[in-house]
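**Q** Here's my sequence, what's the structure:
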Amino acid sequence: MQAIGVAEKTTIHRLGLDVVVEIRARPRLRLACYYVQGLTLAEIGRLVGEHEATVSRQLTKTRQGIRRAVEQRLREDAHLDDAAIAECIASAVDDPGELSLSALLDEPAARKIPESRR
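**A** Sure, this is the predicted structure:
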């Protein structure tokens, strides 16, 4: 696989952050609890009043939704084809660079969810 350039990495990071910012409150809370606070699925379940298996399924669903949304935006905004999208995603997974879910989920301004998404 050919390494992607700085511009492509910047684009995928920006789109990824845009997608995460738009996530609804409950899925954002699960993400923050799991990835930022390091809580177990059982602990998150007790916190949000869900069974551990439900928390696990919902985290998986949220991660899949993030990936689909990023892929769609790369296709529409960056005009990339499927092969280029796969390369961008693989590169971002291998080297997330400045992408910090912790910083994003802890950022008060990032918690503002557009009216259309509530």
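**Q** The closest residue to Asp81 other than its chain neighbours is in what secondary structure piece?
**A** Once flanking residues are discounted, Asp81 sits nearest to Arg75: 7.8 Å by Cβ to Cβ, 6 or more residues apart in numbering. Any C-beta I mention is one placed from the backbone N, CA and C, and that applies to glycine too. Assessed by DSSP states H and E, Arg75 sits inside helix 52-76.
**Q** Flag every buried residue along that helix.
**A** Across helix 52-76, burial judged by 16 or more other Cβ atoms under 10 Å covers Val55, Ser56, Gln58, Leu59, Thr62, Ile66, Ala69, Val70, Glu71, Arg73, Leu74.
**Q** and if you look at stretch 40-54?
**A** For stretch 40-54, burial by neighbour count (16+ other Cβ under 10 Å) applies to Leu41, Ile44, Gly45, Glu50.
**Q** The helix holding Arg75: what's the following helix or strand?
**A** Per DSSP H and E, the first helix or strand lying C-terminal to helix 52-76 is helix 82-94.
**Q** other SSEs contacting that next one?
**A** Contacts defined by 3 or more Cβ pairs under 8 Å, 6 or more residues apart in numbering; DSSP states H and E place helix 82-94 against helix 6-21, helix 52-76.
**Q** could you dump the ones you listed to a markdown table with distance to Ala32 and mean pLDDT?
**A** Putting those into a markdown table (distance: least, Cβ to Cβ, whole Å; pLDDT from 0 to 100) gives the following:
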| stretch | distance to Ala32 | mean pLDDT |
| --- | --- | --- |
| helix 6-21 | 10 | 76 |
| helix 52-76 | 11 | 93 |
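**Q** Ala92 is nearest to which of those?
**A** Ala92 sits nearest to helix 6-21 of all these, at 5.1 Å, using Cβ to Cβ.
**Q** Which SSE is immediately downstream of the closest one?
**A** Using DSSP H and E, the next helix or strand after helix 6-21 towards the C-terminus is helix 25-31.
**Q** same for that next one, what does it pack against?
**A** helix 41-48, helix 52-76, helix 101-106.
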